[in-house]
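Asks: only geometry, no sequence info:
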């Protein structure tokens, strides 16, 4: 059952000429800040801000799976947990998974399962936990970006990097990386995640959509999303680089 | 804790001369419609209408039991799940088992356990799932009748057929197979299930009662119930026969 | 989350000269009644009244632990369950553990774990269940006292006896074994449990505190608690003795 | 393992005695164990009773609150019956939410009280359609040496008999005794083949959980029945059990009148 | 064990057929199984429909209640969609609270109805800010022979089309038909390498749970999409699937108009 | 298996160092790790703080709502403290409802704040008996390198200090700073035989979960204590720990005044 109102609210103006409510261009990302390796206990971790979203990802594994009957003899079992802190949203959220979190966890896990080289770790588990400390629109995309960096930080072999961003339709215009107002009052929300390999977008790992768009608008959404993803990908790589350089400095 | 009001409501007239509110005689069943083998995935199945009750039963098994510690080394483990669809009653029912469903599932399972030849299938499980799509009075009896046909359809060996019907006391009169008004405003409700073997009622497999009756009224109730059960038994047999004939026609 | 109001209520007068609301002196216990071995099914048991508290403790074990993965290969696993009957308090309590019960069960279990000779029973379980049939202030101390007697009754080897009592601060005075009013309107509540061995208080097995006291008041609290514990200890011993004598008489 | 063997030995013993027409504790087939009833043992409850049936012990506490009536009975109080088979009472009970046994127990006890109209619910309306009394009957098992059901039924009706409606605490008038006008008594028989034993002890139950419970009221009406357990029952046997249940209930009801 | 081997054999068979450009049941890649819709099968529901997609069977019942609106939409009714994958419908479903599959199913169906604005929620306000209609869409799976999702979407919109707002029962005026103004239709494809099959049967799904669902409305707008399952999808393939989904949805919508 | 051996090695190392009068990380027995406090890190919360105790990291967010007061304190706000030991923070934490560790953690933090009367609850009444402010203190562990409890206490009081009552959002007047009038500080010691170490790290805890937490206020009152773990504590040792706890709390409180 829906725990909260998923209805569209009354409208407000979102687009002013060629600018958005927060001054961004249609194809402009929000500010993004990424830091890898910020937790001690986890095998890999990442702190990420994407606009007002603040998320922390941790990766544990490959490690033993308990109880044994949950093991898979031919590959690693992947868990992904998207969780919102009670204070992450305007109205306090009751702790524990709701239906929305369960669905987001499922499609996010599936996106990562498609790129993690699970066959290298039979009987093992790889656990990806992402905490949303502050949520604005696009928290699932922020979490996937953080998870992807945390997986690299943990040394988990992957076919490439997963990079995620949403596109919205706001006042009839397709806009990249929507913030809360565009999500609430806009006409559509389309979260994407791509596999990027060899510096190129290769395929789609996550795709959802709700709202109302035409086929042409979808084409525009893909264009925007790929542009945004490439920019985020650069920042993910930089964050990983920075962690490795600082480690090399420390160790060497 | 009781989830709903189990109190008797204010009275209405139920008996008019030798007829009931819906025109039936005291010893007359509601319309019954039975169809065997209506589901593809289940090993045995049955669709059954009994008055306004609409139920579907499925049988899975004998099949492996997981986890292993639930197995019984000397006989099959029987599960029975009576479940009401949220839209099956006037006021939407929250999904999931309530206390009433748990009790009905227990006594219904016990009735079938007494006739299924469990010893033939050590370490196995036989699962009987019955969904109430629409409930009127007597849904537990409708479910047992459907379950019994589904078990035959699945080829599960039994000592005989289980046939179930209730008797109520309405305006001081014992009446067969009560509908909702007789159940709500009547003075007693007595669900029975019988083992029928060799065309004869042999013993009682299920018996419950709530209300207020005398010993003589109970004797009358037994008489009515047995008459009703024999009629239902005929319809159960016909449904099974029809399924086998249609299969023979298809195969031969 | 707190299930109930843990706020202090408006004040009432608790101390009248050198007497308390119920006429006790500052260092006086409530009436205590202890009876060992009152249940048949349990391996050891105890009925205990402490003021208006009425509790029953049962011990099962050492016995097998299921499922196996909960076993400890080097010592017994101890469970302790503090449970309040729904009718034990003014306002009916919903059945099942709340956060308060979980915490009390934890610290009580830890107190007993420190004195039970667990190493003698590898792979085994010792279960201690305490039901609060009526609660006044100090139910956790009453339960521990009963549990301790039930453990002796079950023949579980221990380093000594666990004896428990609380001290409160009421109208600025430290008082032994507070009843409900002193707990609700007092300034502090300090439950203690001691290990008593060879007739002497040896060490602290349980210590909690909430309220507001000075270091000197804490010293006074220890003094009162130890005095109270020695008195309770005597009653615990008597109850055990009585059980053994009556058994000897029966058997001999 | 060891326990399984013990159960088998007990079962054989019970059955062999039975063939000789005897019960292992020497009781007659239609004899209850000694009944002890202590009332008002819990002063914080509106009413309470501790019942011992031999070594079986059950305590019932009654708590009352003010709540909204059901829409279709706007002028009637509400009974809510709940049973906790806490792990203190038996080595086989585990902590957790009510399982099918405790749910069945609570519901069968509830039916006896409800259908005999033991409590006059019409006298528990405070404000029609708005406020009525809720009666919580909480069954708390202490020691399960067999036949918790009859012990619980007895404790429930005993506790109700002792209950004072706490009107003063809720500031809705003067306290008054709960209006109890009938005495439902349940009699549970263990059915073994063509024999049956009333008030089975735990050791006797080793032969199987094959029970018939019949609850009757002070006018010899049958108000609740429950066949429990996987077995087949003959009609003539049923009427034999009914007769015994009626007569035992009468005896117990006499006892109940004197608590 | 035996089942694992069966799944492997089925998988090989499906894949080998696929290489030959065929589906195991002879359907074209963009062909649905036979669709049957029976409406108003549950008279106690406000609206209902039983949908068969080949052997897959789903029933949806609509119940309505009066409740409080959300604070930010004080004049709109509320849709609540729930799915129960009851163990009757498949040997792999287990009793218990909704798992991630049933949650995803319910949410994707919900999105199609919600985002197409199929139900005119503005006409379901009884008293602004106080009372609005709640619409419970309960999806009940009966037989899972693959593609429960499209069967559920179809059953949901069919049931809504048949729904009468029960104003009289709740004493808030005359009954009226639920205002349905759009016909969202979901089309689910099984994506296998560079091929895709619409309306996959259970046997076809043995190759993997790799789906793309696209829901479109009567103006060919895309109103909901869900990539489900762990696989990678090429952009050009996506647009191919989109075209097929739009055209299949148009066909099914025609069918739906005649129920 | 490997992990068990590692724990044993760590334990031996910690104990051998201890015998030499040293801690494995070179700290004095009464020395805390480096404390870092970042406040208002979550702008959507009414107040928030991220606390680092060495590598241990905890974030606390404060959310406020309007609710009904408890009947016996009709003019006071209500504090509700909750802790989530999310699996992100430690390889040993599992998803699920709060277990006994997180419940104990939340309750001990809660007691320090409640009993020191750190928040003036009388100033959080909006309408006596009808509307008061609810303060949700949500503790969210991020990295458990030992002593989550003191980190949580510090983060809780720091977040409260930064909290603005969101009266405007709820349309009940002007925003105002949450009235905080005391600074409870908890000091947790790991008790090992006749020694004790304040602020134990995870590696030190390999010797056992044998803690004593003492929370004191700005007037050196003791406001909360919790002996946690299965061990026996001597009375004189207790008073030694108390003295150290009082003096460390004073130091930390000075630090807290400057955030």
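Replies: In hand now; what should we look at? Note that this is a predicted model, so its numbers are computed, not measured. Residues are numbered from 1 along each chain as shown, chains lettered A, B, ... in the order given.
Asks: Quick one: low-confidence residue ranges for the stretch 151-252 of chain A.
Replies: A:250-252 (pLDDT under 70).
Asks: For it, which segments count as helices?
Replies: Secondary structure of the stretch 151-252 of chain A (DSSP state H, counting those that start in this stretch): helices at A:180-185, A:215-251.
Asks: so which of the ones you listed gets nearest residue E:18?
Replies: Checking the helices of the stretch 151-252 of chain A against residue E:18 by Cβ to Cβ gives helix A:215-251 as the closest, at 27.1 Å. In this view, the C-beta of every residue, glycine as well, is placed from N, C-alpha and C.
Asks: And that closest one, what does it pack against?
Replies: Judged by 3 or more Cβ pairs under 8 Å, 6 or more residues apart in numbering or on different chains; DSSP states H and E, helix A:215-251 is in contact with strand A:32-36, helix A:139-153, strand A:161-170, strand A:173-176, strand A:188-197, strand A:200-213, helix E:235-257.
Asks: from the helices of the stretch 151-252 of chain A, which stretch is densest packed?
Replies: helix A:180-185 (a mean of 20; mean count of other Cβ atoms under 10 Å in any protein chain shown).
Asks: That one vs chain F: in contact?
Replies: No: using Cβ under 8 Å from any Cβ of the partner chain, helix A:180-185 never reaches chain F; the gap is at least 10.1 Å.
Asks: So which bits of the stretch 151-259 of chain D are right by chain A?
Replies: Within the stretch 151-259 of chain D, no position lies close to chain A (Cβ under 8 Å from any Cβ).
Asks: Could I get the pLDDT score of the nearest residue to residue D:147 once chain neighbours are set aside?
Replies: Leaving aside its chain neighbours, residue D:147 sits nearest to residue D:199 (5.1 Å; criterion: Cβ to Cβ, 6 or more residues apart in numbering or on different chains). What the model reports as pLDDT for residue D:199 is 98.
Asks: Wait, residue D:199 touches residue D:53, no?
Replies: Yes: in this structure, residue D:199 is within contact of residue D:53 by Cβ atoms under 8 Å, at 6.4 Å.
Asks: Any idea which residue of the stretch 51-200 of chain D lies closest to chain C?
Replies: In the stretch 51-200 of chain D, the residue found nearest to chain C is residue D:61; the distance is 2.6 Å by Cβ to the nearest Cβ.
Asks: mind listing what's buried in the helix or strand that contains that residue?
Replies: Assigned by DSSP states H and E, residue D:61 falls within strand D:56-67. Across strand D:56-67, burial judged by 16 or more other Cβ atoms under 10 Å in any protein chain shown covers D:56-64, D:66.
Asks: Same question for stretch D:158-171.
Replies: Neighbour counts using 16+ other Cβ under 10 Å place D:158-167 of stretch D:158-171 among the buried residues.
Asks: So what's the gap between it and the chain middle?
Replies: Relative to the mean C-alpha coordinate of its chain, stretch D:158-171 is positioned 21 Å out (Cα atoms, centre = their mean, to the nearest Å).
Asks: coming back round to it: let me have the buried residues of stretch D:158-171 in TSV, adding distance to residue A:50, secondary structure and pLDDT as columns.
Replies: As requested, the buried residues of stretch D:158-171 are arranged in TSV below (distance: Cβ to Cβ, whole Å; DSSP: H, G, I helix; E, B strand; the rest coil; pLDDT from 0 to 100):
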residue	distance to residue A:50	secondary structure	pLDDT
D:158	66	helix	98
D:159	61	helix	98
D:160	63	helix	98
D:161	68	helix	97
D:162	66	coil	97
D:163	62	coil	98
D:164	63	strand	98
D:165	61	strand	98
D:166	58	coil	97
D:167	61	coil	97
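Asks: want to throw those into a markdown table with distance to residue E:12?
Replies: What follows is these, written out as a markdown table (distance: Cβ to Cβ, whole Å):
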| residue | distance to residue E:12 |
| --- | --- |
| D:158 | 70 |
| D:159 | 68 |
| D:160 | 69 |
| D:161 | 73 |
| D:162 | 74 |
| D:163 | 71 |
| D:164 | 76 |
| D:165 | 74 |
| D:166 | 73 |
| D:167 | 76 |
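Asks: Pull up the per-residue confidence for the residue of the stretch 51-200 of chain D closest to chain C.
Replies: Value for residue D:61, per-residue pLDDT: 98.
Asks: ditto for the one 10 residues further on
Replies: The model reports residue D:71 with a pLDDT of 91.
Asks: how many other residues sit next to residue A:97?
Replies: For residue A:97, the count of nearby residues is 18 (other Cβ atoms under 10 Å in any protein chain shown).
Asks: what about the residue lying closest to it once chain neighbours are set aside, which helix or strand?
Replies: Spatial nearest neighbour of residue A:97, excluding adjacent residues (Cβ to Cβ, 6+ apart): residue A:83 at 7.1 Å. Here residue A:83, judged by DSSP H and E, is contained in strand A:77-84.
Asks: Would the next helix or strand after that strand count as contacting chain F?
Replies: Tracing the chain past strand A:77-84, the next element assigned as helix or strand by DSSP H and E is helix A:99-113. No: counting by Cβ under 8 Å from any Cβ, chain F has no neighbours in helix A:99-113; the shortest distance is 10.0 Å.
Asks: now helix A:99-113 against strand A:77-84, angle please.
Replies: Counting by axes from the mean of the first three to the mean of the last three Cα atoms, to 10 degrees, helix A:99-113 lies at 140 degrees to strand A:77-84.
Asks: ok, then the element right after helix A:99-113?
Replies: Helix A:99-113 is succeeded, C-terminally, by strand A:124-134 (DSSP H and E).
Asks: Just give me how far that following strand sits from the chain centre.
Replies: Relative to the centre of its chain, strand A:124-134 is centred 11 Å away, using Cα atoms, centre = their mean.
Asks: Pretty sure residue D:82 sits in a strand.
Replies: Yes: assessed with DSSP: H, G, I helix; E, B strand; the rest coil, residue D:82 lies in a strand.
Asks: Report the beta-bridge partner residues of it.
Replies: residue D:138 (DSSP bridges).
Asks: Could you pull up the contacting residues of it?
Replies: If a contact means Cβ atoms under 8 Å, 6 or more residues apart in numbering or on different chains, then residue D:82 has B:1, C:86, C:95, D:98, D:106, D:136-139 as its contacts.
Asks: shouldn't residue A:137 be in contact with residue A:166?
Replies: Yes: look at residue A:137 against residue A:166 with Cβ under 8 Å: they come within range, at 7.2 Å.
Asks: Common neighbours of the two, please.
Replies: With Cβ under 8 Å, 6+ apart as the test, residue A:137 and residue A:166 both reach A:178, A:189.
Asks: What residue in chain A comes nearest to chain D?
Replies: residue A:96 (17.5 Å).
Asks: count of neighbours near that residue?
Replies: 14.
Asks: Surely it and residue F:86 touch.
Replies: No: applying Cβ under 8 Å as the test, residue A:96 and residue F:86 come out as separate, 10.8 Å apart.
Asks: and the closest residue to chain C within the stretch 51-200 of chain A, what is it in contact with?
Replies: The minimum distance from the stretch 51-200 of chain A to chain C, using Cβ to the nearest Cβ, falls at residue A:67 (6.9 Å). Contacts for residue A:67 (Cβ under 8 Å, 6+ apart) come out as residue C:69.
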